[in-house]
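> Sharing a sequence plus its predicted fold:
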Amino acid sequence: GDELLWGDEIEYGVFTVDHENKKIRLSLRAKEVMDELNEKEESHAHRVEGCNWVPEYGGWMVEATPNRPYSGYTTDLLRVERNMRLRRKRLLTALKENEIAPTVSTFPLLGAMGDDGSVPPTKVGGPVTLSDYIGDGIINPHPRFGTLSANIRKRRGEK
């Protein structure tokens with residue numbers, strides 16, 4: 001019969017912490033971080049457990065999944081937490097000293113800071129989002145995400 005295969009995903013937000021001014025900002029280094037982590041994964045390919053690092057919509061977001069699916073055996077339940085810890089450990093190696101990566105998929109201050117809240121700063125608005133609060137620069141540079149925004153806006157028929 002069919003074998004049960006399943007997995008999980010964790011979304012991390014990469015943020016820059018300015019301790020001196022007591023501010024937290026979006027770090028738009030997700031692609032750079034993800035590329036570095038995927039390169040490192042290749043050097044660990046001989047290991048049984050590993051991670052996949054994939055893009056998410058925001059230029060500050062990184063998604064992590066296990067490199068192989070879990071099965072229907074109870075022993076795989078023990079792999080889940082171990083793999084989650086492995087992903088966290090590996091992610092921390094790619095962050096700068098002033099960066100953190102909590103497991104969040106949103107940034108509560110997005111659009112509420114008088115600018116877009118990103119590092120580096122991006123101009124608010126743009127042809128993709130047409131937003132009054134955030135800039136196109138915070139979208140992941142992969143073409144799929146800009147196209148997604150444009151298609152949503154087009155279907156809605158408004159900004």
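Good, I have the coordinates.

> Look at residue 58 and say how many residues are nearby.
Neighbour count of residue 58, defined by other Cβ atoms under 10 Å: 23. (C-beta placed from N, C-alpha, C; glycine too.)

> Contacts only, for the residue nearest to residue 44 when sequence neighbours are not counted.
Of all residues not flanking residue 44 in the chain, residue 50 sits nearest, at 5.6 Å (Cβ to Cβ, 6 or more residues apart in numbering). The contact partners of residue 50, taken as Cβ atoms under 8 Å, 6 or more residues apart in numbering, are 41, 44, 66-68, 86.

> Buried ones only from these, please, as a ChimeraX command.
Selecting only the buried entries of the contacts of residue 50 in ChimeraX, with 16 or more other Cβ atoms under 10 Å as the criterion:
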select :41,66,67,86
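
> Hmm, residue 66 and residue 49 touching each other?
Yes: proximity of residue 49 to residue 66 meets the contact threshold set by Cβ atoms under 8 Å, at 7.4 Å.

> tell me, what's touching the two both at once?
Shared contacts of residue 49 and residue 66 (Cβ under 8 Å, 6+ apart): 79, 83.
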